[in-house]
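Visitor: Build me a model from this:
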Amino acid sequence: MKLTKRGKIWWIDYRAGGKRHRQSTGTADKAVARAFMEQIDVARRMPSFEAAVAVLRQFYPEEAPQGMLPLSGIWETYTRLAAAVGKDKLSHDTLRGRRNHVERLIAWISEKRATIKFAEHVTGPIAAGFAEYLGKDLKLKTKTRRNIIGDLSTVWNTLEKASADVHNPWLHLAPPDTDGRRGMAFERDQERAVLEAAKKVGKDWWPICAIMQGTGLRYGDVAMMEWSEIQGDVIRLKPNKTRRHGISVAIPIVGAVREALDSLVRRGDFLFPLHAEYYQNKKSRSQKDAGLAFREVLDLAGITGEGYSIHSWRHTAATRLAEAGADIETRKRILGHTEDITARRYDHDEHLDETRAALQHMLAS
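Guide: Predicted structure coming up:
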């Protein structure tokens, strides 16, 4: 079974009963014609005429059943129901991302499965096709695909309250998280090699690496760090990832972190203006375009493999703290915690001596 074009219209060519048959799709749109062909192909494989008719009726209902939810109404229905059950207290960025994922799905359906018009018809095979598209065509990382499919699953769980015929097709479709290989902790000799390479590359990479090594902070938090957050011998800030929960950290300044801070010349509010500028515009500007690709440092240090990145410093700090014998509560205070109920119970100032000792032990070991 294949598509051929006659004039402006696409036709389906197939063989049945030893004979060649041709069927007009009635459309000049190849994507619509392909969807038409695929649906007929599914129907013709059914074991009986009645089963084939049942399949085709799913694709071509004689009229829209009452109460069905059009694809174009998915987001409005989701937000209305989420508000009704008190599950709409999300950040603007979270909602915007979730809406973008819904719109991406609808655009894909319109192009690849044009006969699907209602949420009720987004079944397991349709969802699986979209999941495959995210990986094979868009080549998105597994973490990104998991986030997209997780958001769609959340939306469909809510839509199930709007229609008895809507069923969540996204369960079990999220890929295994193989991105965990990224940000692997450095070995001790790798730490030294990276720090030496960072000094040679310049671009403020050495002080950034030294601060990340001695605090466990994420690159974004160091890149956007302001001088006002350096208070005596303590760094006090709200990590970007936990800011919406009101979670802050207080990290004593020890060892090479103090050396790194003392080496800086103040050039405005930010410790690292070049990195702050990149980070503020990272959605429209790549790290490579900004001349700040950390791979340059890793290459000079002789560290290859996609498992290593700037985030390796955070994994390294967590590993070294554990090796130094810091208990889990101390590690949470230093590294921050995404569960606000857990993190808010910490009285950071009360434990500064304890965290300082843990960091000193970590860097000395």
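
Visitor: Going by C-alpha atoms from here, please, whenever you check contacts or count neighbours.
Guide: Will do.

Visitor: Excluding chain neighbours, what is closest to residue 221?
Guide: Spatially, and ignoring its direct neighbours in sequence, residue 221 is nearest to residue 239 (6.0 Å; CA to CA, 6 or more residues apart in numbering).

Visitor: pretty sure the one you found is touching residue 248, no?
Guide: Yes: between residue 239 and residue 248 there is a contact at 6.5 Å, judged by CA atoms under 8 Å.

Visitor: any idea how far residue 286 is from the residue nearest to residue 221?
Guide: 22 Å (CA to CA, to the nearest Å).

Visitor: Same drill for the two, tell me which one is more crowded.
Guide: Taking neighbours as other CA atoms under 10 Å, residue 239 and residue 286 compare with residue 239 leading, 23 against 14.

Visitor: Contacts only, for that one.
Guide: 217, 221, 247, 248, 249, 336 (CA atoms under 8 Å, 6 or more residues apart in numbering).

Visitor: Local confidence estimate at residue 323?
Guide: Looking at residue 323, its pLDDT reads 77.

Visitor: now it, nearest residue through space, not along the chain?
Guide: residue 362 (7.6 Å).

Visitor: Just say helix, strand or coil for the one you found.
Guide: Using DSSP: H, G, I helix; E, B strand; the rest coil, the structure places residue 362 in helix.

Visitor: picking up where we left off before, the contacts of residue 239 in strands, which ones?
Guide: residue 249 (DSSP state E).

Visitor: Tell me the one of the contacts of residue 239 nearest residue 259?
Guide: Residue 259 lies nearest to residue 217 out of these, by CA to CA, at 16.7 Å.

Visitor: just to revisit the earlier point, my guess is the residue nearest to residue 323 meets residue 321, correct?
Guide: Yes: if you go by CA under 8 Å, residue 362 and residue 321 touch, sitting 5.5 Å apart.

Visitor: okay, these two: which has more neighbours?
Guide: Shown here are residue 362 and residue 321; by other CA under 10 Å, residue 321 has more neighbours (25 against 21).

Visitor: where does the more buried one land in three-state SS?
Guide: Here residue 321 is helix, with the state taken from three-state DSSP.

Visitor: I'd like the distance between it and residue 334.
Guide: According to CA to CA, residue 321 stands 9 Å off from residue 334.

Visitor: same question, residue 4
Guide: 64 Å.

Visitor: Neighbour count for the two, which is higher?
Guide: Legend: neighbour count by other CA under 10 Å for residue 4 and residue 334, higher for residue 334 (26 against 15).

Visitor: which residues does that one contact?
Guide: Counting by CA under 8 Å, 6+ apart, residue 334 makes contact with 215, 216, 249, 250, 251, 355.

Visitor: So which of those residues wins on neighbours?
Guide: Within the contacts of residue 334, neighbour counts (other CA under 10 Å) peak at residue 216, which reaches 28 neighbours.

Visitor: I'd assumed residue 313 was in contact with that residue.
Guide: Yes: Residue 216 is within contact range of residue 313, at 6.7 Å (criterion: CA under 8 Å).

Visitor: ok, residue 326 - how many residues close by?
Guide: Count around residue 326 with other CA under 10 Å applied: 20.

Visitor: element containing it, please.
Guide: Using DSSP states H and E, residue 326 sits within no helix or strand.

Visitor: what about it, distance to residue 268?
Guide: 36 Å.

Visitor: likewise residue 29?
Guide: Distance from residue 29 to residue 268, by CA to CA: 56 Å.

Visitor: If you count surrounding residues, which of those two has more?
Guide: The residue with more neighbours, out of residue 29 and residue 268, is residue 29; 13 against 10, by other CA under 10 Å.

Visitor: Model confidence at that one, what's the number?
Guide: We have a pLDDT of 79 for residue 29.

Visitor: got a list of what it touches?
Guide: So residue 29 contacts 9, 10 (CA under 8 Å, 6+ apart).

Visitor: This structure: strands as residue ranges?
Guide: 2-6, 9-16, 19-24, 230-231, 234-237, 249-252.

Visitor: The fourth one pairs with which strands, parallel or anti?
Guide: Sheet pairing here is set by DSSP bridges, and for strand 230-231 it gives strand 234-237 (antiparallel).
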